[in-house]
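>>> Mind folding the following:
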Amino acid sequence: MPLRGTTARLLEAFGHIVIAWMWLEQIIATADREGSFYDGKRFAAQYFYRYELPKTGPQLDLLDSLDRTTVDISFDGFDA
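A predicted model of the protein is given here:
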């Protein structure tokens, strides 16, 4: 069973990796094409690879550390 708090981070990281794969397919498909539509696809892929995909490194590093902060938290202090 996955640890609480890690599931969302894991899904986000691997979701970004899947989207990166999809962008790679788009780049390959536009390799010999010209026009603003294809340029737009290439620029969108470039943006994703430059700004979004690097976020997965720290997320995966945190998951790899097996940090238990979200598992060991006591909810007693949150009672009103």
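
>>> which stretches of this structure have low pLDDT?
Within the chain, the stretches with pLDDT under 70 are 1-5, 70-71, 77, 79-80.

>>> Do you have the helices of it handy? List them.
Here the chain has its helices, by DSSP state H, at 6-29, 36-47, 56-64, 69-72.

>>> tally of neighbours for Leu63?
15 (other CB atoms under 10 Å). Every residue, glycine included, has its C-beta placed from N, CA and C.

>>> no no, Ala45
Neighbours of Ala45 under the rule other CB under 10 Å: 19.

>>> got it, and Phe43?
Using other CB under 10 Å, Phe43 has 11 other residues around it.

>>> Asp32 versus that one, what's the distance?
17 Å (CB to CB, to the nearest Å).

>>> how close does Ala29 get to Phe43?
15 Å.

>>> And Thr7, by the same measure?
Separation of Thr7 from Phe43 (CB to CB) stands at 33 Å.

>>> how many neighbours does the residue nearest to Ala44 when sequence neighbours are not counted have?
Distance criterion CB to CB, 6 or more residues apart in numbering; nearest residue to Ala44, sequence neighbours excluded, is Trp23 at 7.5 Å. Residues near Trp23, counting by other CB under 10 Å, number 20.

>>> Contact partners for Trp23?
Contacts for Trp23 were tallied using CB atoms under 8 Å, 6 or more residues apart in numbering; they are 44-45, 48-49.

>>> And Arg33, by the same measure?
With contact set as CB under 8 Å, 6+ apart, Arg33 has no partners.

>>> how near is it to Met22?
Arg33 is 17 Å from Met22, where distance means CB to CB.

>>> Would you confirm that Gln59 contacts Leu11?
No - the criterion here is CB atoms under 8 Å, and Gln59 misses it with Leu11 at 10.0 Å.

>>> Neighbour count for the two, which is higher?
Gln59 (17 against 11).
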